[in-house]
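Undergrad: got a sequence here, can you build the structure:
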Amino acid sequence: MRILAVRGCNLASLDGTFAVELGGGPLRHAGLFAITGPTGAGKSTILDALCLALFDRMPRLPDGRGVALGASGDTDAISTTDVRSILRRGAGSGWAEVDFLGIDGAAYRARWELRRARQNARGQLQKQTMSLTALADGKRLGDGKTSVLEEIASRLGLSFEQFRRAVLLAQGDFANFLKAPATERSALLELLTGTEIYSRISIAAHERLKEEQQALAALEAQCAGIGVLSGEERAALDAEAADATEAVRCARSRTQGLSVSGKSGATTSFTLS
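TA: Just a heads-up that it's a prediction; the model follows:
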């Protein structure tokens, strides 16, 4: 997975459209770059746009139900944990867009959109929508937000938590990553480095070993039902076999002797007329 571009419009403190092109321009070959600016300039909003387009979530939103934003009884009031709270005040619509290379090597564009009724700044806030498009042929993937999120997840190969910890690693989360259980860190690092294939090979080798051990145990069980003679018992049977062979030889010799004697002792008689 590789991020190619992050774009947005009317999000938080960023008025109008913005774009960070990572797949082209001066950043294409930049191994390292920094997003800098004074507090409130919109640095974190760029990362918010990245997460909105891919997951419909933002790392910096608090957990829980949050606090309602707006006057009491206002039908347009939303919670502080609602991602729609990122829409810039006074804007009738806003959006976030991300171009990325999926784990299948294809390029996609994920888009998150939010608008007020009739795109009027005073209009009723609508539900956000999402879309995923294959850049090669313009084919739309998924039908509805839930389906689109599933399509995006299958092409990213990372869950929101894995993406947040590995790709964003927001302030204060680095220590949490280091303190995470070894199994979690291992799984995440394997996904990032592409070495999960070695885990699959290890699992396959373990399964093969298990199968071979079961086959060996079955053969050993069969062998256990076959008695094995000791050296003395085998020698005794060999002696019996030798005695039996000698007895047969002697019997054949006597039989042949009797046959020859019978032939030599035969008499012939003549009748005179």
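Undergrad: need the contact list for residue 229.
TA: The neighbours of residue 229, taking Cβ atoms under 8 Å, 6 or more residues apart in numbering as the test, are residue 237. In short, each C-beta sits where N, CA and C put it, glycine included.
Undergrad: wait, a strand at it?
TA: No. Read with DSSP: H, G, I helix; E, B strand; the rest coil, residue 229 is coil and lies in no strand.
Undergrad: tell me where the model's unsure across this structure.
TA: Along the chain, the parts satisfying pLDDT under 70 run over 62-76, 169-177, 188-189, 191-198, 259-273.
Undergrad: in it, which spans are strands?
TA: Taking DSSP state E as the criterion, the chain carries its strands at 2-11, 14-21, 68-69, 78-79, 93-101, 107-115, 129-134, 140-141.
Undergrad: so for residue 29, which of the ones you listed sits nearest?
TA: For the strands of the chain, the distance to residue 29 is smallest for strand 14-21, at 12.3 Å, taking Cβ to Cβ.
Undergrad: what lies in contact with the closest one?
TA: Under the criterion Cβ under 8 Å, 6+ apart, residues 4-10, 27-28, 42, 45-46, 88 lie in contact with strand 14-21.
Undergrad: tabulate the strands of the chain (TSV), appending distance to residue 208 and mean neighbour count.
TA: Output for these, formatted as TSV (distance: least, Cβ to Cβ, whole Å; neighbours: other Cβ atoms under 10 Å):
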stretch	distance to residue 208	mean neighbour count
strand 2-11	35	20
strand 14-21	47	14
strand 68-69	58	14
strand 78-79	53	16
strand 93-101	34	22
strand 107-115	37	21
strand 129-134	38	19
strand 140-141	37	14
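Undergrad: now those in CSV, with distance to residue 226?
TA: What follows is those, written out as CSV (distance: least, Cβ to Cβ, whole Å):
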stretch, distance to residue 226
strand 2-11, 62
strand 14-21, 75
strand 68-69, 81
strand 78-79, 76
strand 93-101, 62
strand 107-115, 64
strand 129-134, 64
strand 140-141, 63
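Undergrad: which residues of the stretch 51-200 of the chain fall in helices?
TA: For the stretch 51-200 of the chain, helices defined by DSSP state H, counting those that start in this stretch occupy the ranges 145-156, 160-163, 173-179, 182-193, 196-224.
Undergrad: please convert those to TSV, extending it with mean neighbour count.
TA: Below are the helices of the stretch 51-200 of the chain laid out as TSV (neighbours: other Cβ atoms under 10 Å):
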stretch	mean neighbour count
helix 145-156	17
helix 160-163	17
helix 173-179	11
helix 182-193	14
helix 196-224	10
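Undergrad: next, format those as a markdown table and append distance to residue 14.
TA: Output for the helices of the stretch 51-200 of the chain, formatted as a markdown table (distance: least, Cβ to Cβ, whole Å):
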| stretch | distance to residue 14 |
| --- | --- |
| helix 145-156 | 23 |
| helix 160-163 | 21 |
| helix 173-179 | 23 |
| helix 182-193 | 29 |
| helix 196-224 | 37 |
